[in-house]
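what shape does this take:
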Amino acid sequence: MSAPLAVPELGRRAKAAAALLASASTVEKNAALVAAAELLDQRAGDLLAANRLDVEAAGAAGMDAGPLDRLRLTEARIAGMAEGLRAVAALPDPVGEVLDGWRRPNGLRIEQRRVPLGVVAIIYENRPNVTSDAAGICLKSGNAAILRGSATALRSNLAIAEVLRDGLTKAGLPADAVLLVDDVSHEAAVELMQLTDVVDCLIPRGGPALIRSIRDHATVPVIIDGDGNCHVYVDAGADLDSALDIVLNAKTQRPSVCNAAESLVVHESVADTFLPRAAAALVEHGVELVGDAGARKRVPAMGEATDDDFGREFLDLKLSVAVVPSLDAAVEHVNRYGSGHTEAIVTRDLAAARRFTDAVDAGTVVVNASTRFTDGAEFGFGAEIGISTQKLHARGPMALRELTTYKYVVWGDGQIRD
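Residues are numbered from 1 along each chain as shown. This next block holds a predicted model:
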């Protein structure tokens with residue numbers, strides 16, 4: 001393995017590539033994506049060999065089973081990466097879209113046009129498929145990507161990045177539109193976070209330690225792909241059979257992801273009927289329950305919840321439970337403990353649903369459905385680069401449009417200002 005390239009040099013190359021990519025046609029970008037997909041299929045053996053070394057080293061170092069599984073590539077996962085690139089190629093190109101336009105009394109015609117951000121940096125942990133997913137979304141939206149994965153996935157990421165770069169070259173686009181930071185030191189990551197003359201947007205995808213590091217060190221613009229402390233509120237007007245199905249799906253279908261439910265909030269008027277039934281079903285699925293006094297009154301076997309429990313993203317088969325006297329109390333609880341990711345209400349009362357959707361402060365608010373639908377693919381975006389829990393400039397699932405900005409183009413025929 002050759003010596004790592006310095007981060008400033010990677011930045012210089014990415015910026016030069018971004019200038020060329022910004023004017024690339026949809027046909028050229030799609031050709032690069034399809035070429036990269038074909039190369040992923042053709043070189044699957046090489047990718048698996050590189051990944052095997054990463055997995056063996058991580059296993060020998062004592063990595064837990066969950067992270068080890070996320071690190072591991074299989075033929076099916078590589079095929080999924082290739083299909084993901086083809087799916088992105090099939091999506092509408094956001095670049096060049098005219099968002100608005102008007103003519104002024106002096107004859108000037110003004111357009112608001114969608115354009116790429118420029119250079120997008122992504123720092124992520126342990127999942128080599130992110131290398132392909134993130135690069136594909138950046139490419140289709142006209143952005144150069146600087147990718148910095150974890151040390152544990154370095155061999156895998158290098159092999160995938162090489163495929164992506166070869167796909168760009170085959171389509172006549174600059175290979176440097178995809179660059180991997182192969183210096184996996186903390187210092188190199190901080191250097192990338194502070195590359196203010198190059199990086200137009202940084203997106204971290206990882207756990208609390210990574211997010212803290214970003215908050216402590218980053219001087220470039222950041223979109224936080226944050227925690228998902230998601231709630232399901234079962235209202236007084238809920239269909240309780242439907243509510244049970246939704247709660248079970250939101251908590252147990254895949255508990256380790258950010259859009260899984262972490263807290264159940266129940267209106268006291270249905271708590272006597274619903275909570276014992278829900279608790280029995282959740283425990284049967286292996287869920288540990290902790291609750292406030294109202295919840296434990298209905299289910300005495302439940303453990304006692306602390307403020308930390310209500311504010312925590314468990315990412316596991318554990319759920320906090322609260323009983324509230326009113327819809328407004330439910331909103332207050334959700335806004336106090338939620339992370340701004342996804343909140344759900346189950347109710348047949350339209351007024352209650354509207355009140356909840358208006359008052360809850362989250363990127364996604366769901367009515368009568370599982371929180372698990374907060375996902376770029378489920379929203380019809382085709383792909384996503386993360387789920388933003390902040391408000392500027394993107395919120396919720398981030399796909400192609402969220403990796404663009406806009407500029408104004410003014411058309412005149414000789415006008416001068418008095």
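
quick one: low-confidence parts of this structure?
Filtered on pLDDT under 70, the chain yields the residue ranges 1-2.

so Ile123 lies in a helix, does it not?
No: counting by DSSP: H, G, I helix; E, B strand; the rest coil, Ile123 is not found in a helix; it is strand.

thinking it is in contact with Glu191, fair?
No: with contact taken as CB atoms under 8 Å, Ile123 and Glu191 are classed as non-touching, separated by 11.5 Å. To be clear about C-beta, it is placed using only N, CA and C from the backbone, and glycine gets the same treatment.

looking at those two, which is more packed in?
Ile123 (23 against 19; other CB atoms under 10 Å).

and Phe274, how far from Asp54?
Separation of Phe274 from Asp54 (CB to CB, to the nearest Å): 46 Å.

what does Leu248 give?
35 Å.

more neighbours: those two, which one.
Asp54 (24 against 19).

give me the helices and strands touching the one helix or strand the more buried one maps to, please.
For Asp54, the element it lies in under DSSP states H and E is helix 44-60. If you count contacts as 3 or more CB pairs under 8 Å, 6 or more residues apart in numbering; DSSP states H and E, helix 44-60 packs onto helix 65-71, helix 75-89, helix 154-170.

for the ones you listed, which one sits closest to Val257?
helix 65-71 (11.0 Å; CB to CB).

who's in contact with the residue nearest to Asn129 when sequence neighbours are not counted?
Nearest-residue entry for Asn129: Met81, 5.4 Å, with adjacent residues in sequence omitted and distances by CB to CB, 6 or more residues apart in numbering. By CB atoms under 8 Å, 6 or more residues apart in numbering, the contact list for Met81 reads 40, 129, 132-133, 160.

for stretch 400-409, measure first residue to last.
One end of stretch 400-409 to the other measures 21 Å (CA to CA, to the nearest Å).

please identify the buried residues of that stretch?
400, 402-404 (16 or more other CB atoms under 10 Å).

report the separation between the residue nearest to Asn129 and Ala65.
Distance from Met81 to Ala65, by CB to CB: 22 Å.

just Val181 next, same as before
28 Å.

could you do Leu71 as well?
11 Å.

the two: who's more crowded?
Leu71 (23 against 8).

follow-up on the earlier one: okay if I get the helices and strands packed on helix 44-60 as TSV plus distance to Arg109?
Below are the helices and strands packed on helix 44-60 laid out as TSV (distance: least, CB to CB, whole Å):
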stretch	distance to Arg109
helix 65-71	51
helix 75-89	33
helix 154-170	35
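
looking at the ones you listed, which is nearest to Cys201?
Of all the helices and strands packed on helix 44-60, helix 75-89 comes closest under CB to CB, at 18.2 Å.

buried stuff in that closest one?
77-78, 81-82, 84-86, 88-89.

dump those residues to JSON lines, plus distance to Thr374.
Output for those, formatted as JSON lines (distance: CB to CB, whole Å):
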{"residue": "Arg77", "distance to Thr374": "22"}
{"residue": "Ile78", "distance to Thr374": "26"}
{"residue": "Met81", "distance to Thr374": "22"}
{"residue": "Ala82", "distance to Thr374": "25"}
{"residue": "Gly84", "distance to Thr374": "18"}
{"residue": "Leu85", "distance to Thr374": "23"}
{"residue": "Arg86", "distance to Thr374": "24"}
{"residue": "Val88", "distance to Thr374": "20"}
{"residue": "Ala89", "distance to Thr374": "24"}
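
Phe381: which of those is nearest?
Val88 (9.9 Å).

list the contacts of that closest one.
33, 136-137, 139-140, 382-383, 400.
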